[in-house]
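Colleague: task: produce atomic coordinates for the following.
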Amino acid sequence: MARQNISSGGRFEPVFGYSRAVRVGNQVFVSGTTARDPHLDGTDAYQQAKAVLDIIKAALAEAGSSPAAVVRTVTYVTDIADAELVAKAHSEVFGDVLPAATMVEVSGLMDPRMKVEIEAHAVEE
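Modeller: Have a look, this model is predicted:
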């Protein structure tokens, strides 16, 4: 089965040795994704989640997929009080898809300005 690695050019990809997304057969796995500058300073969790989801949508598209194929998301927030803001952005992208989803609070992400990280798993029919 052919493997396709997708890079988004994020600065952590070469440092940690990972791909933004990997397609194997009919499945696409999108790595945990955070907002990047300029979407970090002065933004709330909703704005960051929207930026994150744009990166995820681009990775899915490059892999020949789309949000409609997403079956699972995992969301990490640094403050669970931001859950509704992040959920609003998630619902705007996946509201009709209704993937299985998890949200958990974590003590921190790679950059202290980051409020949310999302990963996604898509399955093409």
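Colleague: what element comes up after the longest helix seen in the chain heading to the C-terminus?
Modeller: Taking DSSP state H as the criterion, the chain has its longest helix at helix 45-62. Using DSSP states H and E, the helix or strand that follows helix 45-62 towards the C-terminus is strand 70-77.
Colleague: who are the packing partners of that following strand?
Modeller: helix 45-62, helix 83-94, strand 100-105, strand 116-123 (3 or more Cβ pairs under 8 Å, 6 or more residues apart in numbering; DSSP states H and E). In short, each C-beta sits where N, CA and C put it, glycine included.
Colleague: give the rounded mean pLDDT of that strand.
Modeller: Average pLDDT, strand 70-77: 98.
Colleague: now the angle from it to strand 116-123?
Modeller: Comparing the axes of strand 70-77 and strand 116-123 via axes from the mean of the first three to the mean of the last three Cα atoms, to 10 degrees yields an angle of 170 degrees.
Colleague: gap between the nearest residue to Glu105 once chain neighbours are set aside and Gly42?
Modeller: Spatial nearest neighbour of Glu105, chain neighbours left out: Ile80 (4.2 Å); criterion: Cβ to Cβ, 6 or more residues apart in numbering. Per Cβ to Cβ, to the nearest Å, Ile80 is found 21 Å from Gly42.
Colleague: okay, these two: which has more neighbours?
Modeller: Neighbour count, other Cβ atoms under 10 Å: between Ile80 and Gly42, Ile80 has more, with 12 against 8.
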